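S.K.: Dropping a prediction and its sequence here:
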Amino acid sequence: MFKPNFTITNKTIRYLSEIAEARAIILNARLIPKWEIDLRRQALINSAHASTSIEGNRLSLEEVNDLMVGRKITATLKDKKEVLNYFETLRYLDTLAKEKEITEKVLLKLHKIITKNVLDDPKNSGHYRTLLDEKKKGRVVVAERVAGLTRKITFMPPPAKEVPKEMKEFIGWLNNKKREEIDPVLEAGITHYEFVRIHPFVDGNGRTARVLASLVLLKRGFDTKRFFALDDFYNSDRPRYYEALKTVNPKTLNLTAWLEYFCEGVAVSAKAVKDKVMLLTGGKKKEQKAKQVALDYKQIRVVEFLQKQRSITNRQIRDLLKISNKTAYKLLRDLIENKVIKKAGKGRSVYYIFV
């Protein structure tokens, strides 16, 4: 069975501590944005853009955003399809997280969704690469790509004939109870690298590896709110991403340096979310038995206004959000019921302040 080889360094411990601290702040904050319409939506967009961009997709972040909300954009069918496929895959993760195990069937399904209608040969979608593929196209390599063109070979994966055996051992490790003794972030990093190393498919391996790492975090209960967009970190400095992959010696397969890099990515992603939550709450934690209040976009605007001005009126809300009196009243009522704000003043002088 596959057995990862690595050492936990002081740098790794520091990153894991930063991640734990950020995660605790996020989970214990009194106020958070509604994940599905703010951070989670943005994480989805960032992940789709970054992960497909790493693989050579040419759409900008703005175009990816437009594509997600259904706007028409001018781009090649392949570029658009790669991003839409990635959206579909990320949404599918919540369903997969409920599965008891990450099986070969799950991995093949993930790849099939990711590569639907984008591969030169549709038969390669959801199927391991074969000896016939090698005869037709030569050995698959892991390489840095810019604008879809191979720039530099990072390493050579095992030949096609070894893929089924290597994947069986890897999947065995993924479902072995002993791996739960490993920190979930380290497990996700190990999963990412080993999948990329085996490179079981003709194409789409990088995207599948990054989705698989996210699935590991979900299944371990680490990223239940889905606020991480790890692909964004990798895409911000692609040469460093490929250099990190190359730090693993092909003979010893020591993952120490790679895991330092991977943990740094999670730490950066967690800090970005923590900073957004801190701005919203001013660092205020929820009381022990209080519920966490998820605010929609309009409510967040009101809270941000209150943080600056200390008070707000119904008229100011209407002017700020360009909404009717009825809508403003409902917004205020919801915030009062959730004990975010309270009424002050009397009669025509009524205004609202934080509880």
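M.R.: Received the coordinates, thanks. Numbering: from 1, shown residues only.

S.K.: Please make it C-alpha for all contacts and neighbour counts, starting now.
M.R.: OK.

S.K.: So in this protein, where's the weakest helix or strand by average pLDDT?
M.R.: Taking all helices and strands of the chain together, the one with the lowest average confidence (mean pLDDT, DSSP states H and E) is helix 39-54, at a mean of 62.

S.K.: Can you tell me what sits against stretch 344-355?
M.R.: Outside stretch 344-355, the residues within contact range by CA atoms under 8 Å, 6 or more residues apart in numbering are 306, 310-314, 339-343.

S.K.: quick one: average pLDDT of that stretch?
M.R.: For stretch 344-355, the per-residue pLDDT values average out at 89.

S.K.: Going along the chain, name the helices of the stretch 201-350 of the chain.
M.R.: Counting by DSSP state H, counting those that start in this stretch, the stretch 201-350 of the chain has these helices, from start to end: 205-219, 230-236, 238-246, 256-281, 297-309, 314-321, 325-337.

S.K.: ok, then the element right after the least confident helix or strand of the chain?
M.R.: Helices and strands here follow DSSP states H and E; after helix 39-54, the next one along the chain is helix 61-68.

S.K.: Just the buried residues of that following helix, please?
M.R.: If you call a residue buried by 16 or more other CA atoms under 10 Å, then helix 61-68 has these buried ones: 63-65, 67-68.

S.K.: For the stretch 251-355 of the chain, give me the ranges with low pLDDT.
M.R.: 283-290 (pLDDT under 70).

S.K.: for the stretch 51-200 of the chain, which spans come out with low pLDDT?
M.R.: Along the stretch 51-200 of the chain, the parts satisfying pLDDT under 70 run over 51-52, 54-55, 68-69, 144-151.

S.K.: all strands of it, in order?
M.R.: Using DSSP state E, counting those that start in this stretch, the strands found in the stretch 51-200 of the chain span residues 142-146, 149-155.

S.K.: Could you list the domains of the protein?
M.R.: 29-281, 296-354 (automatic domain parsing).

S.K.: In CSV, list those domains along with distance to residue 18.
M.R.: Conversion of the domains of the chain to CSV gives the following (distance: least, CA to CA, whole Å):
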stretch, distance to residue 18
domain 29-281, 6
domain 296-354, 26
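
S.K.: now, of those domains, which is deepest in the fold?
M.R.: Highest mean neighbour count of these: domain 29-281, a mean of 18 (counted as mean count of other CA atoms under 10 Å).

S.K.: where exactly do the helices run in the stretch 1-150 of the chain?
M.R.: Secondary structure of the stretch 1-150 of the chain (DSSP H, counting those that start in this stretch): helices at 10-28, 39-54, 61-68, 77-96, 104-114, 131-137.

S.K.: Cool, thanks, talk later.
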